[in-house]
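*Asks:* next input, structure requested:
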Amino acid sequence: MKKKITIKEIAQQAGVSVTTVSRVINNHPSVKEEKRKRVQKIIDEQEFQPSMLARGMVSSVTRNLAVVVPDINNPYFTALISHLETASYEAGYSLLLFNTMAAGKQKTLPTTQQEQSVFHTILEKRIDGVFILGGEIDKDYPSDTYIHALTNLNQQIPVVVIGQKDPTIPLTFIERDLVAGTKAAVQHLLALGHKKIGFLGGESGIKITSERLATFKKTMSLYGEFDPEFVYLSDFYTKDGYESMESLFSAEKQPSAVITINDKVAIGAIRALTDHGLNCPKDLKIVSCDAFPDGEYIVPRLTTVDQNNSTLAVSAMESLLALINDKPLTTLYRHTPELIIRESCGIQIKGE
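*Replies:* Okay, the predicted model is just below:
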């Protein structure tokens, strides 16, 4: 097997310094053409493939970005990471994934400590910039130790948080308009004549739950009648939708429609309905606050709120690149969610 040549060996053969070789690899304009050709000839003959670390020797740029996520199994994070990966590639960067829940499931570290451990690893790997998706930052009250660790990370590497802004933390946040999306979902059901509407899913103490539930309460109080007995908080997954619907069945009174925190919870709720011999939308209308992939292919097709994740990812990338390159941030993006009306709310859309 042919031995791989090193940058040091290329420098020796070309009669130049290691710095010059690194500059050639990075296409730095300061290298004289004669030296560049000499170095490039050896690189081509030896089929040398420079590592990202080698590319960063002169510029201190590795062209690597990190995305820190608490649970890659969550479809929201999966879809958003996919869009971030596309945006990173188009900008000439590689995206490294850090899934902090993995260690928690193996019982090596609590999730919050694992996030802080990931921050340390990111610093060691000389990452150029970091996206934070969920985790401790999504709590209503993040811990002081976490805030300190995240602030320290941001002082050394540009950080962009895709989530709801915390005014006490000096970071760049790319927010989703949780109020508009939830309000649109509730108003749609109210417009269809429903006065008894429930709320399923979401975890207490998490910003996304707190904001959506607060909007649900306010909208129902203004245009209908809010009943706290119709609220069943649990979590964000299919199992939670199923169990929340089971709890609703055991109650003395039931709503005629429900809002779910996302499509996964809606799917679980529909399964519970079916197991009880009931039908959505005939017996209960359902509208989701957060669209996940393939919601239009289940039975019934889900009425849901599209958060426009692709646009969200592009905005996050533009903001992070601006921070990396010490350029001023443009007006921070705040997206407009879109209500997608399908079968689960009881309306048959022509052509579906």
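
*Asks:* so where's the chain uncertain?
*Replies:* Residues of the chain meeting the criterion pLDDT under 70: 1-3, 19, 26-30, 50-61, 102-111, 330-334, 348-352.

*Asks:* so where do the strands sit in it?
*Replies:* Along the chain, the segments classed as strands by DSSP state E run 64-69, 94-99, 129-133, 159-162, 172-174, 197-200, 231-232, 257-260, 285-288, 304-306, 338-340.

*Asks:* other SSEs contacting the first one?
*Replies:* The criterion is 3 or more CB pairs under 8 Å, 6 or more residues apart in numbering; DSSP states H and E, and the helices and strands that strand 64-69 contacts are helix 75-90, strand 94-99, helix 111-124, strand 129-133. Placement of C-beta: from N, CA and C, glycine included.

*Asks:* most packed of the ones you listed?
*Replies:* Across those, the average number of neighbours (mean count of other CB atoms under 10 Å) peaks for strand 129-133, which reaches a mean of 25.

*Asks:* for Ala191, give its distance to Ile197.
*Replies:* Distance of Ala191 to Ile197, given as CB to CB, to the nearest Å: 12 Å.

*Asks:* the two: who's more crowded?
*Replies:* Taking other CB atoms under 10 Å, Ala191 and Ile197 do not tie; Ile197 has more neighbours (24 against 9).

*Asks:* ok, that one touching Val258?
*Replies:* Yes: the pair Ile197 / Val258 is scored as a contact, 6.6 Å apart, by CB atoms under 8 Å.

*Asks:* overlap in contacts of those two?
*Replies:* Common contacts of Ile197 and Val258, defined by CB atoms under 8 Å, 6 or more residues apart in numbering, comprise Phe230.

*Asks:* and the closest residue to Arg271 other than its chain neighbours, what does it touch?
*Replies:* Using CB to CB, 6 or more residues apart in numbering and skipping the chain neighbours, the partner closest in space to Arg271 is Tyr242 (5.5 Å). Contact partners of Tyr242, counting by CB under 8 Å, 6+ apart, are 268-269, 271-272.

*Asks:* now swap in Val287 and tell me
*Replies:* 185, 188-189, 257-260, 266, 303-304, 344-345 are the contacts of Val287 under CB under 8 Å, 6+ apart.

*Asks:* how near is it to Ala185?
*Replies:* Taking CB to CB, one finds Val287 at 5 Å from Ala185.

*Asks:* again with Lys285
*Replies:* 11 Å.

*Asks:* the two: who's more crowded?
*Replies:* Neighbours around Lys285 and Ala185, counted as other CB under 10 Å, are more numerous at Ala185. The numbers are 27 against 24.

*Asks:* the more buried one touches Ile259, doesn't it?
*Replies:* Yes: taking CB under 8 Å as the definition, Ala185 is a contact partner of Ile259 at 5.5 Å.

*Asks:* any common contacting residues for these two?
*Replies:* 287-289.

*Asks:* on that earlier part again, among the strands of the chain, which comes closest to Leu321?
*Replies:* Nearest to Leu321, of all these, is strand 129-133, at 7.6 Å by CB to CB.

*Asks:* ok, that closest one: who's next to it in the sheet?
*Replies:* Strands that pair with strand 129-133, judged by DSSP bridges, come out as strand 64-69 (parallel), strand 159-162 (parallel).

*Asks:* could those go into TSV alongside mean neighbour count and distance to Arg126?
*Replies:* Putting the strands paired with strand 129-133 into TSV (neighbours: other CB atoms under 10 Å; distance: least, CB to CB, whole Å) gives the following:
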stretch	mean neighbour count	distance to Arg126
strand 64-69	24	8
strand 159-162	26	15
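
*Asks:* okay if I get the ones you listed as JSON lines plus distance to His335?
*Replies:* Formatted as JSON lines, the strands paired with strand 129-133 follow (distance: least, CB to CB, whole Å):
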{"stretch": "strand 64-69", "distance to His335": "19"}
{"stretch": "strand 159-162", "distance to His335": "11"}
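
*Asks:* need the contact list for the closest residue to Lys239 other than its chain neighbours.
*Replies:* Nearest non-adjacent residue to Lys239, counting by CB to CB, 6+ apart: Gly268, 6.1 Å away. The contact partners of Gly268, by CB under 8 Å, 6+ apart, come to 237-245.

*Asks:* before we move on, what about Lys285?
*Replies:* Counted by CB under 8 Å, 6+ apart, Lys285 has contacts 189, 192, 194, 256-258, 344-346.

*Asks:* make it 6 Å
*Replies:* 257, 345-346 (CB atoms under 6 Å, 6 or more residues apart in numbering).

*Asks:* looking at it, Pro70 is touching Gly135, isn't it?
*Replies:* Yes: using CB atoms under 6 Å, Pro70 makes contact with Gly135 at a distance of 4.1 Å.

*Asks:* need the residues touching each of these two.
*Replies:* Contacts common to Pro70 and Gly135, judged by CB under 6 Å, 6+ apart, are Thr100.

*Asks:* which stretches in the chain count as helices?
*Replies:* 7-14, 18-25, 33-45, 52-59, 75-90, 101-105, 111-124, 144-156, 178-191, 207-223, 238-250, 263-275, 309-324 (DSSP state H).

*Asks:* let me have those helices in a markdown table, extended by distance to Glu338.
*Replies:* Formatted as a markdown table, the helices of the chain follow (distance: least, CB to CB, whole Å):
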| stretch | distance to Glu338 |
| --- | --- |
| helix 7-14 | 51 |
| helix 18-25 | 45 |
| helix 33-45 | 50 |
| helix 52-59 | 38 |
| helix 75-90 | 15 |
| helix 101-105 | 30 |
| helix 111-124 | 32 |
| helix 144-156 | 31 |
| helix 178-191 | 8 |
| helix 207-223 | 16 |
| helix 238-250 | 22 |
| helix 263-275 | 14 |
| helix 309-324 | 11 |
